[in-house]
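J.: Generate a structure from the sequence data that follows.
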Amino acid sequence: MKEFTEVAIEAALKAGNILTRHAGKVEQIGYKSEVDLVTDVDYLSEQTIIKIIRDAFPQHAILTEEAGTRKSESAYKWVIDPLDGTTNYAHNFPCYCVSIALEKDGEIILGVVYNPNLDELFTAEKGAGAFISKGQESQASRRKISVSQTSELSRSLLATGFPYDIRTSSIDNLDHFRDFYKRAQGIRRAGSAAMDLCYLAMGRFDGFWELKLSPWDMAAGSLLVTEAGGKVTDFSGGAFNIYMKEILASNGKTHQQMIEVLKPAS
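T.: As a prediction, this is how the structure comes out:
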């Protein structure tokens with residue numbers, strides 16, 4: 001695990017430095033759908049991460065947002081989002097990150113998320129807790145994090161996002177957003193699911209829900225939440241995996257209350 005974590009941190013920090021150097025200087029923007037952007041920096045960040053991981057673990061499988069899947073017979077698969085929050089990045093809005101997770105036999109065992117704007121590095125290993133540190137001095141500043149102790153939904157600050165097909169699909173999260181806004185203290189829609197999950201893990205948010213996400217959006221963040229003492233399920237409270245199209249995450253204390261709010265709309 002130590003070698004896995006060191007490689008993931010190295011890749012996340014180098015990719016984060018790329019995002020910082022190119023911030024506000026995006027040269028090419030493409031559209032995967034009407035509102036789903038991809039930039040030249042997404043590709044540059046992804047190539048950097050893939051090279052570092054392949055050099056260290058050439059037999060491992062890799063799943064990334066832009067390049068797709070590199071299959072392997074190995075039990076290990078890296079799940080990578082080189083730039084979570086591309087729309088924010090393209091507009092020079094400083095809420096985006098690099099997310100890297102390692103899956104073994106279908107279970108996430110390592111999660112690393114780096115927010116270059118605040119130089120915040122989040123790390124979690126299965127069964128070993130969740131931590132935050134300054135990216136450039138990761139060991140010296142490393143401290144353990146935990147979810148909030150808020151027990152009432154009415155006093156909770158929640159986070160969510162909206163799917164890229166919001167203009168064409170009736171399953172758009174607007175009904176859930178309306179229902180939660182009437183029950184929670186507040187809701188934030190920052191535009192980076194990985195960052196939302198990290199902020200939940202360290203107690204900045206009390207709950208998070210979203211639908212139609214991809215594995216790389218949730219892989220690292222979901223482990224951080226559970227290792228920080230939180231709970232991650234589907235909308236009905238059932239078992240979660242990163243290949244689902246819905247996620248409900250909380251500090252654990254508000255989880256059942258959030259399930260009850262999701263029921264009518266579901």
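J.: Now name the helix or strand holding the most centrally placed residue in the chain.
T.: By CA atoms, centre = their mean, the chain has its centre lying nearest to A194, at 1.8 Å. A194 belongs to helix 193-201 when assigned by DSSP states H and E.
J.: ok, for D84, nearest residue in space, not its chain neighbours?
T.: In this structure, D84 finds its nearest non-sequential neighbour in A194, 4.3 Å apart by CB to CB, 6 or more residues apart in numbering. For glycine as for every other residue, the C-beta is placed from the backbone atoms N, C-alpha and C.
J.: which residues sit in contact with the residue nearest to the centre of the chain?
T.: 81, 84-85, 97, 99, 113, 217-218, 220-221 (CB atoms under 8 Å, 6 or more residues apart in numbering).
J.: what element comes up after the regular element (helix or strand) spanning L63 heading to the C-terminus?
T.: Using DSSP H and E, the element containing L63 is strand 61-64. Sequence-wise, the next helix or strand downstream of strand 61-64 (DSSP H and E) is strand 68-70.
J.: Show me what that next one is packed against.
T.: strand 61-64 (3 or more CB pairs under 8 Å, 6 or more residues apart in numbering; DSSP states H and E).
J.: Extract the C-alpha trace of the strand it packs on and format it as PDB.
T.: Output of strand 61-64 as PDB, limited to C-alpha atoms (Å, rounded to 0.1, in the frame of the first residue of the first chain):
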ATOM      1  CA  ALA A  61      -5.500  -1.900 -15.600                       C
ATOM      2  CA  ILE A  62      -6.500   1.700 -16.000                       C
ATOM      3  CA  LEU A  63      -9.800   3.400 -16.300                       C
ATOM      4  CA  THR A  64      -9.800   7.200 -17.100                       C
END
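J.: Local confidence estimate at S169?
T.: Each residue has a pLDDT score; the one for S169 is 80.
J.: List the beta-bridge partners for G111.
T.: G111 has these beta-bridge partners by DSSP bridges: A101, A124.
J.: so it makes contact with G221?
T.: Yes: between G111 and G221 there is a contact at 6.8 Å, judged by CB atoms under 8 Å.
J.: what's the overlap in contacts for the two?
T.: S99.
J.: Pick out whichever of those two has more residues nearby.
T.: G221 (35 against 32; other CB atoms under 10 Å).
J.: Quick one: residues contacting the more buried one.
T.: With CB under 8 Å, 6+ apart, G221 has these contacts: 99, 111, 113, 193-198, 200-201, 249.
J.: Where does the prediction get shaky in the stretch 101-250 of the chain?
T.: 137-138 (pLDDT under 70).
J.: can you give me the helices in it?
T.: Under the criterion DSSP state H, counting those that start in this stretch, helices of the stretch 101-250 of the chain are mapped to 174-181, 193-201, 215-227.
J.: May I have the last one as CSV, with CA atoms only?
T.: Pointing back at helix 215-227 there. C-alpha atoms of helix 215-227 as CSV (Å, rounded to 0.1, in the frame of the first residue of the first chain):
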residue,chain,number,x,y,z
PRO,A,215,-16.8,5.8,-11.7
TRP,A,216,-14.0,8.3,-11.8
ASP,A,217,-16.2,11.0,-10.2
MET,A,218,-16.9,8.9,-7.1
ALA,A,219,-14.1,6.4,-6.7
ALA,A,220,-11.6,8.2,-4.5
GLY,A,221,-14.1,10.4,-2.8
SER,A,222,-16.4,7.6,-1.7
LEU,A,223,-13.5,5.9,0.1
LEU,A,224,-12.5,9.1,1.8
VAL,A,225,-16.0,9.5,3.2
THR,A,226,-16.2,6.0,4.6
GLU,A,227,-12.7,6.1,6.0
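J.: how many other residues sit next to S156?
T.: Residue crowding around S156 was assessed by other CB under 10 Å; the count is 24.
J.: right, and it touches D206 too?
T.: Yes: between S156 and D206 there is a contact at 3.8 Å, judged by CB under 8 Å.
J.: Please consider this matter closed, and thank you.
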